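Q: Predicted model and sequence follow; I will ask about them next.
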Amino acid sequence: MALESYNVPLVKMARIPRATVNRLPLYLRVLERYPVEETTVSSQELADLIKENSAKVRKDLSFLGSYGVRGVGYNVEHLRFQIRRELGLTKIWPVIIVGAGNLGSALGKYGGFDANGFSIVGIYDSDPDKIGTTIGDLTVGAMEDIEGDAKELNAEIAIIATPVPAAQEVAERLAGAGFKSILNFAPMVLRVEGDIEIRRVDLSTELQILGYYVQQSLAES
């Protein structure tokens, strides 16, 4: 959807709380799968779909400047637009992957990023045997090419899919190359200087949490 669709001026809004930002993709996912014939959605319906309470939903959406209409709810199409705008999804963001192993290769071949506002434009590794090979439509580049390629490709988001021993050094290289955001799949906490947003995807931790709920369910049955 084009940004001009609602003729909404791009004004500087107050910074949205991190917890609300974390929920915005959940709202968007629900709204993008909402029945086409349904043009409005209530805060209670959204709350039920993401397993939250309606008061929190209304508070979250108020940060977007959206307050809904009592007895009617929120316009689905406009709310989708507001969330996409706030998440920066009115353009396609170039993304690079560092690490051409099993995980990096799988991410490089995944075709679903473009539909969600992101395009994988490069993949890099330090292994001479991997450099020059192809993954999907991409040729694996050398680590020393990252800085120059990032400027040429206008990439500011990177994914780290390396083994743990290499992850910290890679993060520092990315910070030095001017990247603003990093998605880290290595199961460790990365520390870099500067105003860089780092998100960690730790599958082991998530499985441990799921193990807790399975155990509780069995204990209660």
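A: Cool, the structure landed.

Q: contact partners of the biggest helix by length in the chain?
A: With secondary structure taken from DSSP state H, the chain has its longest helix at helix 203-220. For helix 203-220, contacts defined as C-beta atoms under 8 Å, 6 or more residues apart in numbering pick out P187. Every C-beta, even on glycine, is put in place using the N, C-alpha and C of the backbone.

Q: please begin residue numbering at 29 from this point
A: With 29 as the first residue, the last one maps to helix 231-248.

Q: what does the average pLDDT come to for it?
A: For helix 231-248, the mean pLDDT works out to 87.

Q: That helix: which residues count as buried?
A: Residues of helix 231-248 classed as buried: none (neighbour count, 16 or more other C-beta atoms under 10 Å).

Q: just stretch 43-61 next, same as before
A: For stretch 43-61, by 16+ other C-beta under 10 Å, it's 48, 51-52, 54-56, 58-59.

Q: Spatially, which residue comes closest to L52, not counting chain neighbours?
A: In this structure, L52 finds its nearest non-sequential neighbour in I111, 5.4 Å apart by C-beta to C-beta, 6 or more residues apart in numbering.

Q: That neighbour reaches L56, doesn't it?
A: Yes - look at I111 against L56 with C-beta atoms under 8 Å: they come within range, at 4.7 Å.

Q: Map the structural domains onto the sequence of the protein.
A: 31-114, 121-232 (automatic domain parsing).

Q: lowest-confidence stretch among those?
A: domain 31-114 (a mean of 84).

Q: now the nearest residue to L218 once chain neighbours are set aside: how far from Y102?
A: In space, L218 comes closest to A199 once its chain neighbours are excluded; the distance is 4.4 Å by C-beta to C-beta, 6+ apart. Distance, A199 to Y102, by C-beta to C-beta, to the nearest Å: 39 Å.

Q: same check, this time on G140
A: In terms of C-beta to C-beta, G140 sits 26 Å off from Y102.

Q: Before I go, just wanted to say thanks for your time.
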